[in-house]
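Colleague: This is a predicted model, with the sequence first.
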Amino acid sequence: MWYFRALAFDLDGTLASVDRVPGEVLTELDAVREERALILVTGRRNDELDEAFPGLAAHFDAVVTENGSVLRTAVGDRLIDRPVDPDLDKALADRGVQVQRGRVLLALDGSDAATAVEVIAGLGLDHQVVHNRGSAMVLPAGATKGRGLLYALDQLGLSPHNTIAVGDAENDFSLLQAAEVGVAVANAVPSLADRADLVLDHPDGAGVLELVRGPLLAGHSRLCPDRHWVTVGQFDDGEPARLPGSQYSVLVSGETGAGKSYLAGLLAEQWIEAGYSVVVVDPEGDHTGLAERPGVHLVDASVHLPSASDVMAVIRPSRASLVLDLSGLDPETKIRYQERMPEVISAERARHGFPHWVIYEEAHQPDWNDTHPAAATVAEPGTCVVTWRPEALPPELRRNISLTLTLTGRPLGPRGRLRATLQEAGSPARAFELDQRRSTHVRHRHKYAAMPLPPSRRFYFHGEEGAGAASLEEFSLRLRHCDLAALEYHLARSDFSRWVLDTLADQELGRELADIEHDASANRAAALERARHRSLEAIQRRYLAG
């Protein structure tokens, strides 16, 4: 399975037992390293590591030592944190505490931890004492194995969402939390085992073999911990409607205009907010508003049509997200481009593990039948397909769908919420109400901005003759020049918001126009009341006063 591209291991009590890593474990790790990056994360000092485990670092793509404070890669060593204050050595020695200094940390016996806390407080230092079974260490505040892992992954061009981390002791908690899946070996301390996403059946090296030979790494099972699930609404019983952050395949379906793109954009927002890399293949320009979110790139194919490989190069350096707006292309070019994307994305995932999600809007348009080269790759986990014709999807993709979201109802008014059902394969559907979007959703931006609508769906301004406004561009021009009587007529009847909601199915614009219409009506009523009172006062002064 392409998903997990990196494995991070603690050393003592995880890979090693009594200063020894079994040869069988190293052989297995070397085989795993042919396809995935391996990272060693240990509390040991560099010199101590090399002395106790000569040659061990050569089995890893990166080694993080001193509890996350020092990084060793093929290009050399790099300090992640500033060294502990040198005055602390003498102050601890004066209290009878023996320490060993690394390049950043001070190592000491666990029985001296309380004394170290007192001395640090007395000196007013911004340091912390971290426990590791029977030993302890003094580190700069904020230095953790988890932060060291994130630093190493960034240097390797990999994402923590594609990483499994394994540990056994208290100081491994941040390591497990930094990865997509945190694993504890069977001999882990209870506090770590209680917080791990997965606890292995075997201890130390045997547990590592259990993991690397098991179904999770082989892709025969999936595990997205609860902490990585995202919320998209609320079920009718009050529980949050949640979806996994990774490793699943999602179908969004419903009738035309029911709100499928709105829901797909909501999913994209939540996944992006959770730190996942999302690519949206957007044939109709529905999702350009996602570019309002930090770290989301927008590629407008009508301005420049990059190759599919160039699109991947945009997101690769920072594991970013991207919206590919194809709405300005002619239909044939658009479909050909859509058909090329899955294979390129699959190759990118095989190397780097991301994008974690690909959202294919109008997924029924390409002919991805069983003989099409992209049929298998578009069925990979991490795919979200949006269509009103699910029967037109490739059979393999339909078989692999794990979650189906079906839009079931339009909102009751411009401030209402869309409704849908959520169904996991083999389970009954549950109805829920969608949360509000944070970014702008513009349905079929190019299509409705310039392409003409049929006469039955056009907007006809009061008192005007002609064919009616056939697009938003034409509507805007007529709105700019219509007389005040026509403007007041349509505002009073809420015609603008009703046309946008019913004809264009644009919830955001419809709500905004409805607010404007409401404000205009309220202000007119207030103006009329002011006119009434001013008229009465004028008459009173002129004829009735006295």
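Modeller: Yes, it's here. Residues are numbered from 1 along each chain as shown.
Colleague: For the closest residue to Leu217 other than its chain neighbours, give me its contacts.
Modeller: Using CB to CB, 6 or more residues apart in numbering and skipping residues adjacent in sequence, the residue nearest Leu217 is Phe4, 6.1 Å away. Every residue, glycine included, has its C-beta placed from N, CA and C. Phe4 makes contact with Arg36, Asn162, Thr163, Ile164, Glu180, Val181, Leu216, Leu217, Gly353 under the criterion CB atoms under 8 Å, 6 or more residues apart in numbering.
Colleague: I'd assumed Leu149 was in contact with the fifth one.
Modeller: Meaning Glu180. No: Glu180 is beyond contact range of Leu149, at 11.5 Å (criterion: CB atoms under 8 Å).
Colleague: Could you tell me which residues touch both of the two?
Modeller: Pro160, Thr163.
Colleague: which residues sit in contact with Thr503?
Modeller: Leu453, Arg457, Phe459.
Colleague: Distance check, Met341 against Leu71.
Modeller: According to CB to CB, to the nearest Å, Met341 and Leu71 sit 35 Å apart.
Colleague: domains for this protein, by residue range?
Modeller: Following automatic domain parsing, the chain resolves into domains at 6-81+142-218, 226-445, 454-526.
Colleague: Reformat the ones you listed into JSON lines and put mean pLDDT and distance to Ile120 next to each item.
Modeller: JSON lines is the format used below for those (pLDDT from 0 to 100; distance: least, CB to CB, whole Å):
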{"stretch": "domain 6-81+142-218", "mean pLDDT": "95", "distance to Ile120": "14"}
{"stretch": "domain 226-445", "mean pLDDT": "87", "distance to Ile120": "32"}
{"stretch": "domain 454-526", "mean pLDDT": "84", "distance to Ile120": "53"}
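Colleague: Adding distance to Ala121, write those out as a markdown table.
Modeller: Output for the domains of the chain, formatted as a markdown table (distance: least, CB to CB, whole Å):
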| stretch | distance to Ala121 |
| --- | --- |
| domain 6-81+142-218 | 17 |
| domain 226-445 | 33 |
| domain 454-526 | 54 |
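Colleague: Count the residues that sit near His287.
Modeller: If you count neighbours by other CB atoms under 10 Å, His287 ends up with 29.
Colleague: My guess is it contacts Glu361. True?
Modeller: Yes: applying CB under 8 Å, one finds His287 in contact with Glu361, separated by 7.3 Å.
Colleague: okay, and the common contacts of those two?
Modeller: Contacts common to His287 and Glu361, judged by CB under 8 Å, 6+ apart, are Ser261, Ala264, Val280.
Colleague: Return the set of buried residues in the helix or strand harbouring the last one.
Modeller: Under the assignment given by DSSP states H and E, the secondary-structure element containing Val280 is strand 278-282. Neighbour counts using 16 or more other CB atoms under 10 Å place Val278, Val279, Val280, Val281, Asp282 of strand 278-282 among the buried residues.
Colleague: what do you get for stretch 37-55?
Modeller: 37-46, 48-50, 53.
Colleague: Over to stretch 342-349?
Modeller: Pro342, Val344, Ile345, Ser346, Glu348, Arg349.
Colleague: quick one on the thing from earlier: state the next helix or strand along the chain beyond the strand holding Val280.
Modeller: strand 296-300.
Colleague: Partner strands of that following strand and their direction?
Modeller: strand 321-325 (parallel) (DSSP bridges).
Colleague: burial count for the closest residue to Phe53 other than its chain neighbours?
Modeller: With sequence-adjacent residues excluded and distances taken as CB to CB, 6+ apart, Phe53 is closest to Val21, at 6.7 Å. For Val21, the neighbour count with other CB under 10 Å is 20.
Colleague: in terms of contact, does Val21 touch Pro54 like I think?
Modeller: No: taking CB under 8 Å as the definition, Val21 is not a contact partner of Pro54, at 11.2 Å.
Colleague: The strand holding Val280 packs against which elements?
Modeller: helix 260-273, strand 321-325, helix 331-352, strand 357-360 (3 or more CB pairs under 8 Å, 6 or more residues apart in numbering; DSSP states H and E).
Colleague: With distance to Met312 as added columns, please give these in JSON lines.
Modeller: Listed next are the helices and strands packed on strand 278-282 as JSON lines, based on distance: least, CB to CB, whole Å:
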{"stretch": "helix 260-273", "distance to Met312": "17"}
{"stretch": "strand 321-325", "distance to Met312": "9"}
{"stretch": "helix 331-352", "distance to Met312": "5"}
{"stretch": "strand 357-360", "distance to Met312": "11"}
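Colleague: closest one to Arg133 among these?
Modeller: helix 331-352 (35.4 Å; CB to CB).
Colleague: Three-state assignment for the closest residue in space to Asn132 that isn't next to it in sequence, please.
Modeller: Taking CB to CB, 6+ apart as the measure, Asn132 lies nearest to Asn171, with 4.7 Å between them; neighbours along the chain are not counted. Following DSSP: H, G, I helix; E, B strand; the rest coil, Asn171 is assigned to helix.
Colleague: quick one: contacts for Asn171?
Modeller: Gly43, Asn67, Val130, His131, Asn132, Met137, Thr144, Lys145.
Colleague: Please flag which of those residues sit within strands.
Modeller: Residues of the contacts of Asn171 located in strands (DSSP state E): Val130, His131, Asn132, Met137.
Colleague: Select the longest helix from this structure.
Modeller: helix 507-539 (DSSP state H).
Colleague: for it, which positions count as buried?
Modeller: Going by 16+ other CB under 10 Å, helix 507-539 has these buried residues: Gln507, Glu508, Leu509, Gly510, Arg511, Glu512, Leu513, Ala514, Glu517, Ala520.
Colleague: same question, stretch 97-110
Modeller: Neighbour count says stretch 97-110 has Val97, Val99, Gly102, Arg103, Val104, Leu105, Leu106, Ala107, Leu108 buried, by 16+ other CB under 10 Å.
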